[in-house]
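*Asks:* Coordinates for the following, if possible.
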Amino acid sequence: MQFSEKRNITRWIIIMTSFVIVTLILWNTYSFFQIFKEEERVKMEHWALAQKKISDMDLNADLELPFAIIQNPRIPIILTINDSIIKTVNIEDNVEKDKRKLQAFLKKLKLQNEPIVMRISKGKSQYLYYGDSSLLNKLKYYPVALLLIIFLFAAVVYNFYRSTKMATQNKLWAGMAKETAHQIGTPLSSLIGWLEIMKADQVDPTTVAEIEKDVNRLQTITDRFSKIGSEPLLETKDIIAETEQSFDYLKSRFSKQVIFSFKAPGYPILVSLNPALHSWTVENLVKNAIDAMKGRGTLDVIIEDENNTVKILVKDSGKGIPKNQFKRIFEPGFTTKKRGWGLGLSLTKRIVEEYHKGKIKVLHSEVGKGTTIQITLKKA
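*Replies:* Sure thing, here's the model as predicted:
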């Protein structure tokens, strides 16, 4: 058995043991509650018996024990004959002095416990209604508190399990990304060598230049994948130049049916960023916008300079996003396309928010009219 399997089995044993312990505590509390309730019923029967004993005895009799029994400091009691209240014990003053409140309290006691019947004479009885003591009332909420603890415990366990699983998946994806970068590196080195041979053989310079662009692009992609799972090095760069460079590369490789537009201030704006990862961000957003337009429409990339921040807007004329999906589109695995893993926008969010300490959101979207996604970064 592998170490990870043993660790999972141990984790589940701990979780199940904890649930069993909490369940036993809950069951014990319920049992105690029933015992206390039964004991209070017995106390009330003794109280009724003592009350009847005092009524039946003459003044010379020994009434010490009956009087001791009827002195109960905790349990609220109302004694009635034919629904007329003749005596109250342990009732709050504001209730006892108000007839309407007292009648309402009597109705409440009738719902709590069955009355104890005290036969006084033939055809005449007194009814003793009693409520739960303060101790029993406090104990009543204890199972509810335990249930809340169980739910909270379950939520903590679920979050722990989910975060552990996600951490394992993240390590797996990071490992796969690094391995992909390593595998691409070997043929890429060969391509660079062949490119030098083509230059030496004086192959058409235009063709060589285009191939060189694609080789450089492959190097950039390799660099991106190698950075996944590790803290990237941030450099102070002009956000306009970096964004425009990626934009121009993508523009030259997509259909002429997409009308591209780039708008930015005429001066540099410095931001701390990783060029390779920022290029990946722009590429993901532009490709996502083109997919939403099905390869036909208008795509605008706009850079806006504000006080301490710079905003990058990627605006398309595609199918739009329903409002209830504004946040979901950045979740790993979420996609509206028939093909794809739904990782592009989740990676983009991670690059922007975790690595560049910025913000990304759907600024505006209307179904059938298009979407605007906004990135906000702090200036250097």
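
*Asks:* Name the residues that touch stretch 264-277?
*Replies:* 220, 223-224, 227, 232-244, 302-303, 305, 310, 351, 355-356, 377-380 (Cβ atoms under 8 Å, 6 or more residues apart in numbering). Bear in mind the C-beta positions are built from the backbone N, C-alpha and C, glycine included.

*Asks:* For ChimeraX, what selects the buried ones among those?
*Replies:* For the buried members of the contacts of stretch 264-277, the matching ChimeraX selection, counting by 16 or more other Cβ atoms under 10 Å, is:
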select :220,223,224,227,232,234,237,238,239,240,242,243,244,303,310,351,355,356,377
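
*Asks:* Out of the contacts of stretch 264-277, list just those in helices.
*Replies:* 220, 223-224, 227, 239-244 (DSSP state H).

*Asks:* Would you reformat those as JSON lines and include distance to residue 150 and pLDDT?
*Replies:* Formatted as JSON lines, the ones in helices among the contacts of stretch 264-277 follow (distance: Cβ to Cβ, whole Å; pLDDT from 0 to 100):
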{"residue": "220", "distance to residue 150": "52", "pLDDT": "76"}
{"residue": "223", "distance to residue 150": "49", "pLDDT": "74"}
{"residue": "224", "distance to residue 150": "45", "pLDDT": "67"}
{"residue": "227", "distance to residue 150": "43", "pLDDT": "67"}
{"residue": "239", "distance to residue 150": "51", "pLDDT": "95"}
{"residue": "240", "distance to residue 150": "56", "pLDDT": "95"}
{"residue": "241", "distance to residue 150": "57", "pLDDT": "95"}
{"residue": "242", "distance to residue 150": "52", "pLDDT": "94"}
{"residue": "243", "distance to residue 150": "52", "pLDDT": "95"}
{"residue": "244", "distance to residue 150": "57", "pLDDT": "94"}
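
*Asks:* Closest one of the residues you listed to residue 88?
*Replies:* residue 227 (78.7 Å; Cβ to Cβ).

*Asks:* Now do the helices in the stretch 51-200 of the chain.
*Replies:* For the stretch 51-200 of the chain, the helices defined by DSSP state H, counting those that start in this stretch cover 64-70, 93-96, 99-112, 134-140, 142-200.

*Asks:* buried stuff in stretch 195-212?
*Replies:* For stretch 195-212, by 16+ other Cβ under 10 Å, it's 195, 198, 208, 212.

*Asks:* Pick out the most distant pair among those residues.
*Replies:* Maximum pairwise distance among those (Cβ to Cβ): 9.2 Å, between 198 and 212.

*Asks:* Tabulate the buried residues of stretch 195-212 (TSV), appending distance to residue 23 and pLDDT.
*Replies:* Supplementary listing: the buried residues of stretch 195-212 in TSV, determined by distance: Cβ to Cβ, whole Å; pLDDT from 0 to 100:
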residue	distance to residue 23	pLDDT
195	69	82
198	74	85
208	74	83
212	68	84
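
*Asks:* Point out where the stretch 101-250 of the chain drops to low pLDDT.
*Replies:* For the stretch 101-250 of the chain, the stretches with pLDDT under 70 are 120-121, 123, 134-137, 139-140, 143, 165-179, 181-182, 186, 224, 227-230.

*Asks:* picking up where we left off before, the ones in helices among the contacts of stretch 264-277 into TSV, with extra columns for distance to residue 110?
*Replies:* Shown next, in TSV, are the ones in helices among the contacts of stretch 264-277 (distance: Cβ to Cβ, whole Å):
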residue	distance to residue 110
220	81
223	79
224	75
227	73
239	76
240	80
241	83
242	79
243	76
244	81
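
*Asks:* And the residue nearest the centre of the chain, how far from residue 152?
*Replies:* Centroid-nearest residue in the chain, with Cα atoms, centre = their mean: residue 159, separated by 8.5 Å. Applying Cβ to Cβ, to the nearest Å, the value for residue 159 to residue 152 is 11 Å.

*Asks:* gap between whatever helix or strand residue 209 lives in and the chain center?
*Replies:* Per DSSP states H and E, residue 209 falls inside helix 205-227. The chain centroid and the centroid of helix 205-227 are separated by 41 Å, computed with Cα atoms, centre = their mean, to the nearest Å.

*Asks:* same question, stretch 103-112
*Replies:* Centre-to-centre, stretch 103-112 and its host chain are 43 Å apart (Cα atoms, centre = their mean).

*Asks:* List of residues touching that stretch?
*Replies:* 76, 78, 80, 85, 91, 95, 129-132.

*Asks:* Report the buried residues of it.
*Replies:* Buried-residue list, stretch 103-112, by 16+ other Cβ under 10 Å: 105-106, 109.

*Asks:* any idea which of the buried residues of stretch 195-212 is the one closest to residue 99?
*Replies:* Closest to residue 99, out of all of the buried residues of stretch 195-212 and judged by Cβ to Cβ, is residue 212, at 98.9 Å.

*Asks:* Distance check, that closest one against residue 206.
*Replies:* Applying Cβ to Cβ to residue 212 and residue 206 gives a distance of 11 Å.

*Asks:* so what sits against both of these two?
*Replies:* In contact with both residue 212 and residue 206: no residue, using Cβ under 8 Å, 6+ apart.

*Asks:* burial of residue 372, as a residue count?
*Replies:* For residue 372, the count of nearby residues is 17 (other Cβ atoms under 10 Å).

*Asks:* quick one on the thing from earlier: tabulate the buried residues of stretch 195-212 (JSON lines), appending distance to residue 255.
*Replies:* As requested, the buried residues of stretch 195-212 are arranged in JSON lines below (distance: Cβ to Cβ, whole Å):
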{"residue": "195", "distance to residue 255": "27"}
{"residue": "198", "distance to residue 255": "28"}
{"residue": "208", "distance to residue 255": "25"}
{"residue": "212", "distance to residue 255": "23"}
